[in-house]
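In: Just a sequence and a predicted model for now, questions to come.
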Amino acid sequence: LMKNPDADVNDLMEALPGPDFPTGGIVMGKSGIRHAYETGRGNIVVRSKTDIEEDKNGKQTIAVTELPYMVNKAKLIERIAELVRDKRINGISAINDESDREGMRIAIDIRRDASAEVVLNNLFKLTLM
């Protein structure tokens, strides 16, 4: 803006495509960012960064490596365990906190008879992931 005081929202979005949260996460959609740049206020939906991994035996694991801002890892793990205990989410065999000084990682092991994609969608729906 200092170099180009006449910059519009498109120029601003090109230079700053979105906020940079300290815990990472993936920003879903750009309309909230655009609205925030235009009005000074906006809702930005952030999801956890996840990967579905499969070992040589075919066992699937959902690896969570980034969380939305202000989501507490311990409370998230507790919430997932509660959902499994109450049978609101099926298909999870274990949850492990594999975080170390290299980075944050939550490993969610999927039962062989379940679909990792379905479990992940339910986690997005029922938790703060």
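Out: Sure thing, it's come through. Everything numeric here is computed off the predicted structure, so don't read it as measured data.
In: For stretch 109-122, give me every contacting residue.
Out: Identification of contacts with stretch 109-122 by C-beta atoms under 8 Å, 6 or more residues apart in numbering yields 50, 52, 58-62, 89-96, 108. In this view, the C-beta of every residue, glycine as well, is placed from N, C-alpha and C.
In: ok, and the most crowded of those residues?
Out: Highest neighbour count within these: I108, with 25 neighbours (other C-beta atoms under 10 Å).
In: was I right about it contacting V64?
Out: Yes - in this structure I108 lies within contact range of V64 using C-beta atoms under 8 Å: 7.0 Å.
In: In stretch 28-48, which residues are buried?
Out: 32-34, 36-37, 44, 46, 48 (16 or more other C-beta atoms under 10 Å).
In: Out of those, list just those in strands.
Out: V46 (DSSP state E).
In: can you name the two of the buried residues of stretch 28-48 that are farthest apart?
Out: Across the buried residues of stretch 28-48, the longest distance by C-beta to C-beta is 24.5 Å; it joins Y37 and S48.
In: What is the burial count for L76?
Out: Using other C-beta under 10 Å, L76 is surrounded by 21 other residues.
In: distance between whichever strand or helix holds it and the chain's centre?
Out: Element membership for L76 (DSSP states H and E) is helix 73-85. Distance, stretch centre to chain centre, for helix 73-85: 15 Å (C-alpha atoms, centre = their mean, to the nearest Å).
In: Summarise which helices and strands that helix is packed against.
Out: Helix 73-85 sits against strand 92-97, strand 106-110, with contacts defined as 3 or more C-beta pairs under 8 Å, 6 or more residues apart in numbering; DSSP states H and E.
In: In terms of helix, strand or coil, where does T65 fall?
Out: strand (DSSP: H, G, I helix; E, B strand; the rest coil).
In: wait, isn't it in contact with I26?
Out: No - between T65 and I26 there is no contact under C-beta under 8 Å: 10.6 Å.
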